[in-house]
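Chemist: Sharing a model that was predicted from the sequence below.
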Amino acid sequence: MAPRTTSPSPPPAHGAPDGPSANAPTGPGGSSPRPWDEVVALASDLIRFDTTNTADAGGVGTERPAAEYVAAKLAEVGYDVTYVEAGAPGRGNVVVRLPGADRERGALLVHGHLDVVPADPAEWRVHPFSGEVADGYLWGRGAVDMKGMVAMMLAVARGHRRDGVLPPRDLVFAFVSDEEAGGFQGARWLVDHRPELFEGVTEAVGEVGGFSVSFGDATRAYLIGTAEKGAVWLRLKARGTAGHASLLHDDNPIARLAAAVTRLESHRFPVVLTPAVRELLEGAAEITGVPFDESDPEAALARFGHAARLIGASLRDTANTTRFDAGHKANVVPSTAHAEIDARVIPGREEAFRAEVAALLGPGIEQEWNSLPAVETAFEGQLVDAMALSLAAEDPGSRVLPYMLSAATDAKSFQRLGIRTFGFAPLRLPPGLDFAALFHGVDERVPVEALEFGTRVLDRFLRHC
């Protein structure tokens, strides 16, 4: 797509979107559309809802119109829809259940979030809420994270109900709010206040996993999320003596906090090989024929191509400064300085991480910790087998490997109910696409063929899960 020479135009105003689903394709002979025939239209519609989550505490949610759209699409094919506003006005959530053949077996939850992170239209080649389809891609905020998967869920749920599919067990589809701010007013609120919506659920699939990594020209492996690092948000504060900036100062809180943050930023936490990471690196070694040297795991990252950055973040804890704030006038040394740190911690490393951070920051730096726990499960069982078989049916000769996500998802909330969670939003990606860079990035986009492929895989998977 050539760069635009004019400012991106805004999307049409919403009631029901004036988007492509009005002319959604039908199946053979004019029958109802197959899930993979309507997924791009649904995803485009969803992107056109501006569901930006600014993480403003106490703010009104933006998800309601998108949630109402999802609810209408599900009700249209006969679902009994539950709509819930969670935590704050406008935080719309939609949950439906499709009964399965074995009602005694644990149900499977399929979950996705409706909110997105902010996007500046001036930085984009298309308007981030246009849902434009061009050059083989669907463009817009949420195309990857995660309205593409939400559209796949919606298309498959509609198709199953329309076609009278009886899955092996109950399927619960949850379209939730507020994930981009930790899910406290979305999945977490639902788990704490409406747990009956997830009654009987024992396993779940959601973001981020099921995407392909190419090893040379011959082999693709699909990475299944079996673990997530813990998320830690750390607020730092340094105190000092306020005064006129023309004087000598040896008690400047900005200087003290800046030095502490610099020590933290310069530090490299130790490499830790969790079961998921070890199995991933060993699997890549088997595929490529290049032995895995356990004494130098970082050397194995190059074989993952563009995914190396994503995989590399799972080898060690990370801590990145995201905000620094101090002062109110150029000629005044302030009495306080503040910084915020976003940290992601390997499972089992929580106490050691806290001790290392405290030592690096040194005395006189006040710390306020908020965290979400790590998630981890084994790469085995009937559900994993069903994922592998559904992918192999659409991409013969492909492999599946586990991996650990460095970010956080709503899996952290659903595990509070004892639910075993996986990252599985299947996409077959072009070898040269830097997938990780698209998350929260400018010009976020997803290949149209990947969405259609993923919908076929998800449809097959949910028929045999």
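Modeler: Right, received. Where do you want to start?

Chemist: how close does L429 get to F211?
Modeler: To F211, L429 is 6 Å away according to Cβ to Cβ, to the nearest Å. Where C-beta positions appear, they are placed from N, C-alpha and C, glycine not excepted.

Chemist: any shared contact partners between the two?
Modeler: Listed as contacting both L429 and F211 by Cβ atoms under 8 Å, 6 or more residues apart in numbering are F435.

Chemist: Pick out whichever of those two has more residues nearby.
Modeler: Set L429 next to F211 and count neighbours by other Cβ atoms under 10 Å: F211 wins out with 27 against 22.

Chemist: Name the nearest residue to the more buried one, ignoring sequence neighbours.
Modeler: Leaving aside its sequence neighbours, F211 sits nearest to L427 (Cβ to Cβ, 6 or more residues apart in numbering; 4.6 Å).

Chemist: what separates the one you found from Y222, distance-wise?
Modeler: To Y222, L427 is 9 Å away according to Cβ to Cβ.

Chemist: Same question for A374.
Modeler: 23 Å.

Chemist: next one: A258
Modeler: 43 Å.

Chemist: cool, and F435?
Modeler: 12 Å.

Chemist: where do the contact lists of those two overlap?
Modeler: Residues touching both F435 and Y222 (Cβ under 8 Å, 6+ apart) are F211.

Chemist: With neighbour numbers in mind, choose between these two.
Modeler: Y222 (26 against 21).

Chemist: Show me what that one bridges to in the sheet.
Modeler: Beta-bridge pairing of Y222 under DSSP bridges involves S212, V400.

Chemist: got a list of what it touches?
Modeler: When contacts are counted by Cβ under 8 Å, 6+ apart, Y222 is found next to 210-213, 387, 391, 395, 398-401, 426.

Chemist: Mind doing that once more with 6 Å?
Modeler: 210, 212, 391, 400 (Cβ atoms under 6 Å, 6 or more residues apart in numbering).

Chemist: Low-confidence bits of the stretch 51-200 of the chain, can you list those?
Modeler: 57-58 (pLDDT under 70).

Chemist: quick one, helices of it?
Modeler: Taking DSSP state H, counting those that start in this stretch, the helices of the stretch 51-200 of the chain run over residues 64-76, 147-163, 187-193.

Chemist: What residues sit buried inside the second one?
Modeler: So the one you mean is helix 147-163. Counting neighbours by 16 or more other Cβ atoms under 10 Å, one finds that the buried residues in helix 147-163 are 147-162.

Chemist: and if you look at stretch 220-230?
Modeler: Buried-residue list, stretch 220-230, by 16+ other Cβ under 10 Å: 220-230.

Chemist: One more: stretch 360-380?
Modeler: For stretch 360-380, a neighbour-count test (16+ other Cβ under 10 Å) marks 360-361, 365, 371-377, 379 as buried.

Chemist: mind listing which of the residues you listed are in helices?
Modeler: Judged by DSSP state H, those include 360-361 as members of helices.

Chemist: Select, from the buried residues of stretch 360-380, the two members most distant in space.
Modeler: Between any two of these, the greatest separation by Cβ to Cβ is 39.7 Å, found for I365 and F379.

Chemist: ok, E196 to Y222 distance?
Modeler: E196 is 34 Å from Y222, by Cβ to Cβ.

Chemist: I meant to write L361 there.
Modeler: Relative to Y222, and taking Cβ to Cβ, L361 is found at 40 Å.

Chemist: Check R263 too.
Modeler: 40 Å.

Chemist: Which stretches in the stretch 301-450 of the chain count as helices?
Modeler: Using DSSP H, counting those that start in this stretch, helices in the stretch 301-450 of the chain cover 308-312, 350-361, 382-394, 411-414, 435-438, 448-463.

Chemist: So for W124, which of those sits nearest?
Modeler: Nearest of these to W124, taken as Cβ to Cβ: helix 435-438 at 12.5 Å.

Chemist: Could you find the closest non-adjacent residue to F292?
Modeler: Closest to F292 by Cβ to Cβ, 6+ apart is A285, at 3.8 Å.

Chemist: Secondary structure element holding that neighbour?
Modeler: helix 275-288 (DSSP states H and E).

Chemist: What helices and strands are in contact with that helix?
Modeler: Other elements packing on helix 275-288 under the criterion 3 or more Cβ pairs under 6 Å, 6 or more residues apart in numbering; DSSP states H and E are strand 219-228, strand 399-405.

Chemist: Save those strands as a markdown table, and put in mean pLDDT and distance to G206 too.
Modeler: Formatted as a markdown table, the helices and strands packed on helix 275-288 follow (pLDDT from 0 to 100; distance: least, Cβ to Cβ, whole Å):
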| stretch | mean pLDDT | distance to G206 |
| --- | --- | --- |
| strand 219-228 | 94 | 8 |
| strand 399-405 | 95 | 11 |
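
Chemist: sorry, back to before: want to throw the buried residues of stretch 360-380 into a markdown table with distance to P118?
Modeler: A markdown table is the format used below for those (distance: Cβ to Cβ, whole Å):
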| residue | distance to P118 |
| --- | --- |
| L360 | 31 |
| L361 | 30 |
| I365 | 30 |
| S371 | 24 |
| L372 | 21 |
| P373 | 27 |
| A374 | 27 |
| V375 | 26 |
| E376 | 31 |
| T377 | 32 |
| F379 | 35 |
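
Chemist: just the buried residues of stretch 360-380 now: which is nearest T455?
Modeler: Closest approach to T455 among the buried residues of stretch 360-380 (Cβ to Cβ): F379, at 24.1 Å.

Chemist: In space, what's closest to that closest one - neighbours in sequence excluded?
Modeler: F379 sits nearest to P402 (Cβ to Cβ, 6+ apart), 3.8 Å away.

Chemist: what about that neighbour, distance to N93?
Modeler: P402 sits 29 Å away from N93, going by Cβ to Cβ.

Chemist: who's more crowded, these two?
Modeler: More neighbours surround N93 than the other of P402 and N93, with 30 against 25 (other Cβ under 10 Å).

Chemist: The closest residue to V94 other than its chain neighbours: what's it in contact with?
Modeler: Leaving aside its sequence neighbours, V94 sits nearest to F175 (Cβ to Cβ, 6+ apart; 4.4 Å). Neighbouring residues of F175 by Cβ under 6 Å, 6+ apart: 70, 94, 112, 114.

Chemist: Same check on L234?
Modeler: The contact partners of L234, by Cβ under 6 Å, 6+ apart, come to 341, 369.

Chemist: What distance do you get for Y83 to P65?
Modeler: Distance from Y83 to P65, by Cβ to Cβ: 12 Å.

Chemist: neighbour-wise, which of the two wins?
Modeler: P65 (19 against 16).

Chemist: hang on, isn't that one packed against F49?
Modeler: Yes. Assessed by Cβ atoms under 6 Å, P65 is found in contact with F49 at 5.3 Å.

Chemist: about what we covered before: for the helices of the stretch 301-450 of the chain, which one sits closest to E76?
Modeler: helix 448-463 (18.0 Å).

Chemist: just to revisit the earlier point, what is the nearest of the buried residues of stretch 220-230 to H267?
Modeler: Nearest to H267 among the buried residues of stretch 220-230 is K229, at 16.8 Å by Cβ to Cβ.
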